[in-house]
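Visitor: Fold the stuff below for me.
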Amino acid sequence: MAVAPVVAQAAEPASDPTVFHRSEALTLRWHLQAGINAVAEQNLFWRLADTTAPGSGFDADTEWLEFYAKPGVSGEAMLGGGRTLYGRLSAVGSYTAGTDAFDRGDTGAATLEEAHLGLRGTTAGGIGYDLAIGPQELKLGTGMLVASGASSGFERGALKFGPRKAWSRAAVARLSQGGFTGTAFYLGPNELPSSDGGNRLAGVDLRRDDGEGGHLGATLLRVQRSGSPYVQAAPGGAGAPTILPGARAGTRTLDLYARTSPSTGLLAGWTLAAELALQRNGAIDLKAWAGRLQVSRALAGVRWAPTLSYSYQTFSGDDPATAALERFDPLYYEGSPSAWSTGSKSSMAFINSNVQAHALALRVQPTPRDTLTLRYAHVRANELRSPIQFGQATRLDTSGSDANLVAGVTRPHLSDDVFLEYSRVVNRHTYLSAGVAVAMAGAGIRDAAGGRAPDWRGAFVNVVINH
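Guide: Have a look, this model is predicted:
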């Protein structure tokens, strides 16, 4: 049940109150984003800690408050010849009062977020360019692999909000003409000090947009440097998994993505999307894959403007019967329910590796300011007796408080998730969200819990301002 603090920006009014300096050559603006989030959880991780670590003292029922503020300034300088020099500087302060879902509490931090300079313009041949260096946000494609460039939660607080997004090291170069865009990048994530793997990524993204909401693209990237480990199933699935230190280094990924949303013809009102990613790393004999199919239908002219969507997403797991490693590495994916989370509550227990999910969503708008979204996900494991949870937002520590399921399950059904979310645009700068969710354990989780796993329930309500 992730909470996304980034909200849609309305069109800039004729008189922008955030502008504190404007001249013919230079414009300076201030920015402020802030939020407060109240969260309650019951039967966290289906009370697996009661079975796997009964002496840990982990409390499966908890409530907490999250706070964050993100102030910043940005500027644009006109250099002549159609060139613009731009930059942005911001920081994030966050705090959690109480104990959160990962047994961390009364923690917070202030960190640098964005601090980049860029130059954009158009060549004499009509090719647009945009070059930027320094900490900045970057999302490629659909956010399957490259989106969340920074970590929150744990010692930084604001676990659910996740207000940090910017990569701490970034160099991004774009060229564009017509509907084509090419992006070259070098990135280093802003990881938590307690789990910093020293990761560096580099690659290119090529994309064509059709002007009707459709696109076709490909991302090719390589992990240039990493101290982050991989996990491999024990032979035959019997025994503890093997930890492979620093195994992420050298992993290459090719991601192909496509979307079409025609405005006329037989498919008008429909949106179809597909994605396929392949991973290789010869040093550790890694051959992994992942993919997603999506279809949605907007019912134009129907009261409350309903949109119904279905998706199937799957991420390979390590086959215990082979010596190779088939476990997909999801890298830095966008983990909100509307993006790449696998389940709502279950996404806190399962990353996008060795899982698959059928998901349905119904979105309605009773008024232009009010939106209701009902989501359902049926989550299963791809490989039995193979690691399920490991990587993003997890630890090597296998204590009950982290509810790691690194030994895998013996039956594939993991959970069924239901999530109801309400959002209201209070005014141009203020947004209210509230939600309730329940994750019902499947046979695989019930077996891991000794035969009984109560429903994991949660609720939240938050307010975010964005200037």
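Visitor: Please give the element, helix or strand, for Ala69.
Guide: Secondary structure from DSSP states H and E places Ala69 in strand 62-80.
Visitor: show me what contacts Arg248?
Guide: With contact taken as Cβ atoms under 8 Å, 6 or more residues apart in numbering, Arg248 is in contact with Gly197, Asn199, Val223, Ser226, Ser228, Pro229, Tyr230, Asp329. In this view, the C-beta of every residue, glycine as well, is placed from N, C-alpha and C.
Visitor: Let's see which of those residues end up in strands.
Guide: Of the positions in these, Val223, Tyr230 sit in strands, assigned by DSSP state E.
Visitor: Make a markdown table from the contacts of Arg248 and add pLDDT and neighbour count to it.
Guide: Conversion of those to a markdown table gives the following (pLDDT from 0 to 100; neighbours: other Cβ atoms under 10 Å):
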| residue | pLDDT | neighbour count |
| --- | --- | --- |
| Gly197 | 93 | 17 |
| Asn199 | 97 | 20 |
| Val223 | 98 | 23 |
| Ser226 | 97 | 19 |
| Ser228 | 93 | 23 |
| Pro229 | 92 | 17 |
| Tyr230 | 93 | 26 |
| Asp329 | 96 | 27 |
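Visitor: Redo the contacts of Arg248 as a markdown table? Include distance to Leu414.
Guide: Rendered in a markdown table, the data for the contacts of Arg248 read as follows (distance: Cβ to Cβ, whole Å):
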| residue | distance to Leu414 |
| --- | --- |
| Gly197 | 26 |
| Asn199 | 28 |
| Val223 | 28 |
| Ser226 | 28 |
| Ser228 | 24 |
| Pro229 | 23 |
| Tyr230 | 21 |
| Asp329 | 19 |
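Visitor: on that earlier part again, would you give the sheet partners of the strand holding Ala69, along with the direction of each?
Guide: Based on DSSP bridges, the strands next to strand 62-80 in the sheet, each with its direction, are strand 26-42 (antiparallel), strand 83-99 (antiparallel).
Visitor: I'd like the next helix or strand past the first one.
Guide: Moving toward the C-terminus from strand 26-42, the first helix or strand encountered (DSSP H and E) is helix 49-52.
Visitor: Check which residues of that following helix are buried.
Guide: Ala49, Asp50, Thr52 (16 or more other Cβ atoms under 10 Å).
Visitor: before we move on, what about stretch 125-138?
Guide: Across stretch 125-138, burial judged by 16+ other Cβ under 10 Å covers Asp130, Ala132, Ile133, Gly134, Pro135, Gln136, Glu137, Leu138.
Visitor: What of stretch 60-70?
Guide: Buried, per 16+ other Cβ under 10 Å, within stretch 60-70: Ala60, Thr62, Trp64, Glu66, Phe67, Tyr68, Ala69, Lys70.
Visitor: wait, the third one sits on Thr99?
Guide: Yes. The criterion here is Cβ atoms under 8 Å, and Trp64 meets it with Thr99 at 6.0 Å.
Visitor: Give me the common contacts of those two.
Guide: Jointly contacting Trp64 and Thr99 under the rule Cβ under 8 Å, 6+ apart are Gly105.
Visitor: Where does pLDDT dip in the stretch 51-200 of the chain?
Guide: Filtered on pLDDT under 70, the stretch 51-200 of the chain yields no residues whatsoever.
Visitor: show me where the stretch 201-350 of the chain has strands.
Guide: With DSSP state E, counting those that start in this stretch as the definition, the stretch 201-350 of the chain shows strands at residue ranges 215-225, 230-232, 242-244, 252-260, 270-281, 286-298, 307-315.
Visitor: Output the buried residues of stretch 60-70 as CSV; include the columns distance to Leu420.
Guide: Converted to CSV, the buried residues of stretch 60-70 look like this (distance: Cβ to Cβ, whole Å):
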residue, distance to Leu420
Ala60, 22
Thr62, 21
Trp64, 21
Glu66, 20
Phe67, 25
Tyr68, 24
Ala69, 28
Lys70, 28
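Visitor: wait, what's in contact with the residue nearest to Arg385 when sequence neighbours are not counted?
Guide: Nearest non-adjacent residue to Arg385, counting by Cβ to Cβ, 6 or more residues apart in numbering: Gly237, 2.5 Å away. In this structure, Gly237 makes contact with Pro320, Leu384, Arg385, Ser386, Gly408, judged by Cβ under 8 Å, 6+ apart.
Visitor: Val464: which of the buried residues of helix 49-52 is nearest?
Guide: Nearest to Val464 among those, counting by Cβ to Cβ, is Ala49 at 31.7 Å.
Visitor: Does that closest one touch Gly55 like I think?
Guide: No. Taking contact to mean Cβ under 8 Å, the distance of 9.7 Å between Ala49 and Gly55 leaves them out of contact.
Visitor: follow-up on the earlier one: got the contacts of Gly237 as TSV, with neighbour count columns?
Guide: As requested, the contacts of Gly237 are exported to TSV (neighbours: other Cβ atoms under 10 Å):
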residue	neighbour count
Pro320	21
Leu384	17
Arg385	21
Ser386	27
Gly408	23
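Visitor: What is the nearest of those to Gly35?
Guide: Nearest to Gly35 among the contacts of Gly237, counting by Cβ to Cβ, is Gly408 at 36.7 Å.
Visitor: quick revisit: what would the strands paired with strand 62-80 look like in TSV with mean neighbour count and distance to Leu432?
Guide: Rendered in TSV, the data for the strands paired with strand 62-80 read as follows (neighbours: other Cβ atoms under 10 Å; distance: least, Cβ to Cβ, whole Å):
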stretch	mean neighbour count	distance to Leu432
strand 26-42	18	10
strand 83-99	19	20
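Visitor: residues contacting the residue most central in space within the chain?
Guide: Among the residues of the chain, the smallest C-alpha distance to the mean C-alpha position (Cα atoms, centre = their mean) belongs to Glu334, namely 1.7 Å. Residues in contact with Glu334 (Cβ under 8 Å, 6+ apart) are Lys139, Thr142, Gly143, Met144, Ala147, Ser148, Trp340.
Visitor: and Asp16, how many neighbours?
Guide: Residues lying near Asp16 (other Cβ atoms under 10 Å) number 12.
Visitor: Val73 too?
Guide: Neighbours around Val73, by other Cβ under 10 Å: 15.
Visitor: show me the residues around Thr18 that make contact.
Guide: Counting by Cβ under 8 Å, 6+ apart, Thr18 makes contact with Arg29, Trp30, His31, His467.
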